[in-house]
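Participant: Using only what follows, build the 3D model:
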Amino acid sequence: DLPSNREIRDQIQALANLYEGDKRKDHLREMRLAALRMMRLLCAFRPKLIGSTLTGHVRKGSDIDIHVFSDHPSAVTTALEEEHLPFQIERKRIIKHNEERSFTHIHVVDRFEFELTLYPLDKVNYGFKSSITGRAIERATIAELEELIRREHEGVDPDAELDRLDNQMDSWELFRMLLAPLENVRQDPRYHPEGDALYHTLQVFELARLQRPWDEEFLLAALLHDIGKAIDPADHVSAALTALEGSVTPRTEFLIAHHMEALAYVTGTLGHRAKQRLQAHEDFEDLMLLRQLDTHGRERGVAVCDIAEALAHIRSLDEENKYSN
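Facilitator: As a prediction, this is how the structure comes out:
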């Protein structure tokens with residue numbers, strides 16, 4: 001006399017609600033709104049939401065699973081590229097009941113991680129079944145998801161919420177826009193033999209990721225510390241702080257604001273009072289670590305990630321912190 005999968009799932013849901021409370025409901029609401037936004041962007045491909053975001057059984061690290069339908073995968077990826085959404089394509093071959101099947105998954109990194117599973121158009125009304133339960137998979141169209149949000153999240157108007165989100169300057173898009181021009185910033189080869197400012201920046205980020213893979217604020221400072229070089233090379237620190245005003249935490253701002261003073265501290269050219277002021281700050285050790293990484297991130301031929309991967313890593317930490325808090 002064993003419980004069914006649904007009964008087990010419902011008990012896990014009850015425990016999650018007990019221990020996580022309203023934070024979990026807020027997280028679920030934000031994931032459903034993100035799913036709705038993605039589905040509207042891909043409306044031409046008849047998207048259907050499946051999985052935990054639909055059923056409500058989300059947990060820390062859950063992604064958003066959506067079925068999309070097109071005979072031309074490039075049409076879907078083109079739509080993502082037009083929205084400047086980073087993605088990776090994965091093709092899986094599965095043998096089941098002596099029959100080989102091929103699946104195409106498109107992994108998208110935005111505020112949340114998405115897995116888009118691509119099917120041909122003739123499968124749009126096909127009744128997919130769970131490999132675990134053998135029953136039909138729960139799916140929701142755009143209209144059905146909108147109704148679900150209104151029904152289960154009291155006082156939430158999907159249209160108004162998405163308009164509000166779209167009208168706000170997304171910090172992550174701002175960071176991307178500030179980082180991209182660094183590729184065209186050439187630096188003095190005496191001090192930067194590695195090449196352009198973006199390559200240097202990504203080297204510093206990779207070193208920071210090795211040292212502090214969990215530290216969102218420190219990683220963001222490492223990634224953004226030189227963005228001002230593409231705005232005002234004569235005073236890149238002030239330019240960076242102006243561009244980032246209101247978009248980073250005080251700790252990240254401090255690290256960016258004083259990374260050049262840290263260089264003067266190391267070379268012995270910083271004044272006595274300024275030196276004492278830095279030493280007294282609670283983030284002094286982190287500042288000196290950033291200084292060390294800034295100095296070491298100047299090698300030729302080092303493998304680095306791209307802007308999208310760097311931002312995705314930091315953004316995943318941001319989502320984990322929001323969920324855990």
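
Participant: residues in contact with the helix or strand encompassing Arg251?
Facilitator: For Arg251, the enclosing helix or strand under DSSP states H and E is helix 250-257. Helix 250-257 has contacts (CB atoms under 8 Å, 6 or more residues apart in numbering) with 217-218, 220-221, 224-225, 237, 240-241, 244, 248, 281, 283, 286-287, 290. For every residue, glycine as well, the C-beta is placed using N, CA and C.

Participant: next one: stretch 288-300
Facilitator: The contact list for stretch 288-300 (CB under 8 Å, 6+ apart) reads 191-195, 200-201, 203-204, 206-208, 211-212, 218, 221-222, 225, 255, 259, 262-263, 265-266.

Participant: For ChimeraX, write a command that selects the buried ones of these.
Facilitator: Selection of buried members from the contacts of stretch 288-300 for ChimeraX, criterion 16 or more other CB atoms under 10 Å:
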select :192,194,195,200,201,203,204,206,207,208,212,218,221,222,225,255,259,262,265
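
Participant: And the helices in the stretch 51-200 of the chain?
Facilitator: Using DSSP state H, counting those that start in this stretch, the helices found in the stretch 51-200 of the chain span residues 52-55, 73-82, 142-152, 158-167, 171-179, 197-211.

Participant: Okay, buried residues for the third one please.
Facilitator: Translated: helix 142-152. Going by 16+ other CB under 10 Å, helix 142-152 has these buried residues: 142, 145-146, 148-149.

Participant: What of the fourth one?
Facilitator: Counting neighbours by 16+ other CB under 10 Å, one finds that the buried residues in helix 158-167 are 158, 161.

Participant: angle of it against helix 142-152?
Facilitator: With axes from the mean of the first three to the mean of the last three CA atoms, to 10 degrees defining the directions, helix 158-167 sits at 100 degrees from helix 142-152.

Participant: so what does helix 158-167 touch, helix or strand wise?
Facilitator: Secondary-structure packing of helix 158-167 (3 or more CB pairs under 8 Å, 6 or more residues apart in numbering; DSSP states H and E): helix 5-41, helix 142-152.

Participant: After the longest one, which helix or strand is next? Please name it.
Facilitator: Scanning the chain past helix 5-41 towards its C-terminal end, the next helix or strand to appear is strand 48-50 (assignment: DSSP H and E).

Participant: what comes into contact with that next one?
Facilitator: 35, 39, 64-67, 137-141, 145.

Participant: cool, stretch 123-142 as well?
Facilitator: Residues contacting stretch 123-142 (CB under 8 Å, 6+ apart): 5-6, 36, 39-40, 43, 46-50, 54-55, 67, 69, 96, 119, 148.

Participant: low-confidence ranges in the chain?
Facilitator: Along the chain, segments meeting pLDDT under 70 span 9, 13, 16-22, 60, 96-97, 131-134, 165-169, 319-325.
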